[in-house]
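Colleague: Quick one: sequence and predicted model below, then my questions.
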Amino acid sequence: MTTAAETPSDRSVLPITERYALLGWLRRNLFSDLFNSLLTLVALVFIFTIARILLRWAFVTAEWGVIPANFNLIMRGQYPAAEAWRLWLVIYLLGAVAGVTWRLISGQFSGAARVLIAIPFVLMLIPFFSMGTRLNLFITAVASAAGYYIEGYLPIQRRGRAAVYFILAYLVIMLLLLRGVGAEEGPMPPVSPILWGGLLLSLLLAFFGITLSFPLGVALALGRQSKLPAIRVMSVIYIEFIRGVPLISLLFMGQVMLQLFLPDGFPLVDRVLRALVAITLFSAAYTAENVRGGLQSIPRGQYEAAQALGLSAYQSTINIILPQALRAVIPVLVGQFISLFKDTTLVALVGIFDLLGIARTILANPDWLGTQQEVYAIIAVLFWIFSYSMSYASRRLERRLGVGVR
Amino acid sequence: MQSIHASQVRPPFYRDERVLGVFSQVLVVVIVLGLGLFFFSNMISGLREKHSVAISFSFLGQAAGFDIGESLIEYSRERTYARAFLVGLLNTFQVAFWGIVFATLLGVVIGVMRLSTNFLINRIAAVYIELFRNIPLLVLLIFWAQAVFLKLPRVAEAIVLPGPIFLSNRGVAIPWGLPTESWGTYLVVLGTGIVLGAIVAYVLREQGKRTGRMPLVTLWFVVTVSAVGLVGWVVLPQPLTLDQPALEGFNTQGGKILSQQFMALLSGLIIYTAAFIAEVVRAGIQSVSKGQREAATALGLTPAQTLRLVIFPQALRVIIPPLTSQYLNLTKNSSLAIAIGYPDLFAVAGNTILNQTGREIEMFTMIMGTYLSLSLLTSLLMNAYNRRIRLVER
């Protein structure tokens, strides 16, 4: 059936809102009836007011000088400037790892790869960066591209394993580079973790918090579903206890009370590690509850089928139950990881200079009195960028894995 | 020759599931108990060196010797540590209560806006949610405290909002009711009104069950209570007088002054939690399938009835459990008050009292015990509620 709308010459017979796509869209979405039109007007006024205030603040009132002046502090805290090359090396390698992983996930050259390689170039546009910083960013982009192509040359069935080895090797090298090895005067003198700070420390705390709390959380979830009463009861007590108290109390406990529990003369682990332990133990309880949700969503038939095939309890858990359960709870888990990342700010309250802690130090400096709005705004923006990209990536991953579809 | 079925052969003990089960449990229990005992004995011997008695709560009876910025009950530095703890607890309750009320209101509004067919309204809600869910609460709180409330003008140049409400760097002064002599009598009248309202609601509900036409029970309850309240207000000689704040020299006089710290904590908590509540509300409303609305329309229910009798009860079933956990989060998050100097439970007990007395074990037991009982109480109520509203499946 042909209608008038399909032949362009006859479009003039249509009502004006159908003749022009934009008008039709406006009519449907903004002015469908009187009430909606009023709402639209109110919303427009609201948006203009907010935008005016924000723009005026950002371009007229705000004094942004504080950010370039303290940029290194915000990025890496008290990490010695002479050792900054180690951090750049860590970032190059991170670029390479990201390239490898992207290739593994996306399969062929896609928009995602372009975005990955574009990130360093976008960062180069930041006006106050020195040429050295821009060069370093360029090398990072090259490293990403290299990682991407190297992974591409591998036969497809070996890619997964290669990526895993690569990531594990990266973790070891990263820790060695950050921590340093050898004598004080050597080429890589040790840098105590208490000197790590700023964005570097926030990201490290979040990364290790996530990687360490995840297996512990899965173990606790399995323990809570276990048929063995002693294990089940202990898992339940742990989970409910941790979930019932605020993280800040655990962090304080780690700093104040840990030495009480250890025998005299026991070498005390440093502040940062103690905070990491508290964050990990805290997050594991929440991860456990999320994973339990996934375990409960697996129909009984799956367990029974695994048993009928002669799989042992261990085999059926690892190969049948967990993969399905974890896939079902990806969005919740990512949400949990984002909240862990945000919760790392709490370490600023126990004397560790993460991003927020560093912000407070900068503001305590008499040179930068009264710049609270600028500094905290930048900190908030940095946290927002990382959290939002995590949640965006999780939505993509969800779609790829077909959660809720298959 | 008689064949032996596989099930009749006992596997060797190291592959017997029952033996393995018992063994692994014993192993775990021994490890956990051993570690616990190790920590405990270290702790006791360490504490022996520090205090005369390892664990004792008797210090709670001593004079606290420090001031607390704000308190709902009468408190001074001569009062005991126990009293100071109570002050902190009540401050936590206060901020949690108002936080929950306002975060729910804002969250529901934004959640409904998120479902609006109006593109702009929908986008504003989406931006709000994505913005505040991805910023750490602590950054938000410190931002409010240091970059907003601290930057307000001095009292003499306070921003005056209609009411009058004075915004200054000393805090927010709002008009407040002052009870007169007849306030007590008025409370009795109001209590009677509530009892009367409950009776009316009960009678209406019974009648509704009998006739099959359920009247608007809640509405009638509210009408009854407010009618009695109104009559009491008119008959009694002014149970409350309105105390309005006014500028007087370098300070505001009268009204109620909400401290800068309280306002910063409250606004941070409200804005942050509302973003999460909005998502909960949106998910709840979307969870009611389209068929339900269509079926209700097909049965001849009006749009209002559809909302009240079909959509809302079903959405609520999905909304209430995560909503409670948001409330609990808000309460636990209020412990971040320590960062901006509001004397809540954790700031008073975990910081001030602990630093003065050095009683780590006792204070942490009390703090964690309090938070833990709050959350266990909530989950008990939640489970009971869930059991009541659970859909009975075939």
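Modeller: Thanks, I have it.
Colleague: Sketch out the low-pLDDT regions of the stretch 251-400 of chain A for me.
Modeller: Residue ranges of the stretch 251-400 of chain A with pLDDT under 70: A:265, A:267-268.
Colleague: packing partners for the lowest-mean-pLDDT helix or strand in chain B?
Modeller: Ranking every helix and strand in chain B by mean pLDDT, DSSP states H and E puts strand B:251-253 at the bottom, with a mean of 73. Counting by 3 or more Cβ pairs under 8 Å, 6 or more residues apart in numbering or on different chains; DSSP states H and E, the packing neighbours recorded for strand B:251-253 are strand B:246-248. (Glycine included, C-beta is placed from N, CA and C.)
Colleague: Show the contacting residues for the nearest residue to residue B:179 once chain neighbours are set aside.
Modeller: Leaving aside its sequence neighbours, residue B:179 sits nearest to residue B:240 (Cβ to Cβ, 6 or more residues apart in numbering or on different chains; 6.0 Å). Shown in contact with residue B:240 (Cβ atoms under 8 Å, 6 or more residues apart in numbering or on different chains): B:177, B:178, B:179, B:180, B:183, B:186.
Colleague: Tell me the most packed of those, by neighbour count.
Modeller: Comparing those on neighbour count, residue B:186 comes out first with 19 neighbours (neighbours: other Cβ atoms under 10 Å in any protein chain shown).
Colleague: What lies in contact with the least confident helix or strand of chain B?
Modeller: Contacts of strand B:251-253 (Cβ under 8 Å, 6+ apart): B:155, B:158, B:166, B:168, B:170, B:173, B:245, B:246, B:247.
Colleague: Could you pull out the strands in the stretch 151-300 of chain B for me?
Modeller: Using DSSP state E, counting those that start in this stretch, the strands found in the stretch 151-300 of chain B span residues B:159-161, B:165-168, B:171-174, B:176-179, B:240-243, B:246-248, B:251-253, B:256-259.
Colleague: Buried deepest among those, which one?
Modeller: Of all these, strand B:171-174 carries the top mean neighbour count, a mean of 23, counting by mean count of other Cβ atoms under 10 Å in any protein chain shown.
Colleague: pLDDT averaged over that strand, what's the number?
Modeller: On average, the pLDDT along strand B:171-174 is 84.
Colleague: List the strands paired with it, with their directions.
Modeller: strand B:165-168 (antiparallel), strand B:256-259 (antiparallel) (DSSP bridges).
Colleague: wait, what's in contact with residue B:381?
Modeller: residue B:324.
Colleague: Could you confirm it falls within a strand?
Modeller: No: under DSSP: H, G, I helix; E, B strand; the rest coil, residue B:381 sits outside any strand and is assigned helix.
Colleague: where exactly do the helices run in the stretch 251-394 of chain B?
Modeller: B:260-287, B:290-298, B:303-305, B:312-333, B:345, B:354-357, B:360-389 (DSSP state H, counting those that start in this stretch).
Colleague: what comes into contact with the second one?
Modeller: Right, the one you point to is helix B:290-298. Helix B:290-298 is contacted by residues B:305, B:306, B:309, B:310, B:311, B:314 when judged by Cβ under 8 Å, 6+ apart.
Colleague: now, which of those sits nearest chain A?
Modeller: Closest approach between the contacts of helix B:290-298 and chain A, by Cβ to the nearest Cβ: residue B:306, at 18.7 Å.
Colleague: What is the neighbour count of the residue nearest to the closest one when sequence neighbours are not counted?
Modeller: Distances taken as Cβ to Cβ, 6+ apart put residue B:296 closest to residue B:306, at 4.2 Å, once the chain neighbours are dropped. Residue B:296 sits with 18 neighbouring residues when counted by other Cβ under 10 Å.
Colleague: ok, residue B:296 to residue B:308 distance?
Modeller: Going from residue B:296 to residue B:308 by Cβ to Cβ, to the nearest Å gives 10 Å.
Colleague: Check whether stretch A:47-56 comes near chain B.
Modeller: Yes: if you take Cβ under 8 Å from any Cβ of the partner chain as the test, stretch A:47-56 does meet chain B, through residue A:47.
Colleague: residue ranges with poor pLDDT in the stretch 151-300 of chain B?
Modeller: Using pLDDT under 70, the stretch 151-300 of chain B drops low at B:249-250.
Colleague: Which residues of it lie near chain A?
Modeller: With Cβ under 8 Å from any Cβ as the criterion, the stretch 151-300 of chain B comes near chain A at residues residue B:151.
Colleague: between the contacts of residue B:240, which is closest to residue A:160?
Modeller: residue B:177 (68.7 Å; Cβ to Cβ).
Colleague: Give me the neighbour count for the closest residue in space to residue B:285 that isn't next to it in sequence.
Modeller: Nearest residue to residue B:285, sequence neighbours excluded (Cβ to Cβ, 6+ apart): residue B:315, at 5.0 Å. As a burial measure, residue B:315 scores 20 neighbours (other Cβ under 10 Å).
Colleague: same thing with residue A:340?
Modeller: A count of nearby residues for residue A:340, using other Cβ under 10 Å, gives 22.
Colleague: Same question for the one 3 residues further on.
Modeller: Number of residues near residue A:343 (other Cβ under 10 Å) recorded here: 21.
Colleague: ditto for the one 4 residues further on
Modeller: If you count neighbours by other Cβ under 10 Å, residue A:347 ends up with 30.
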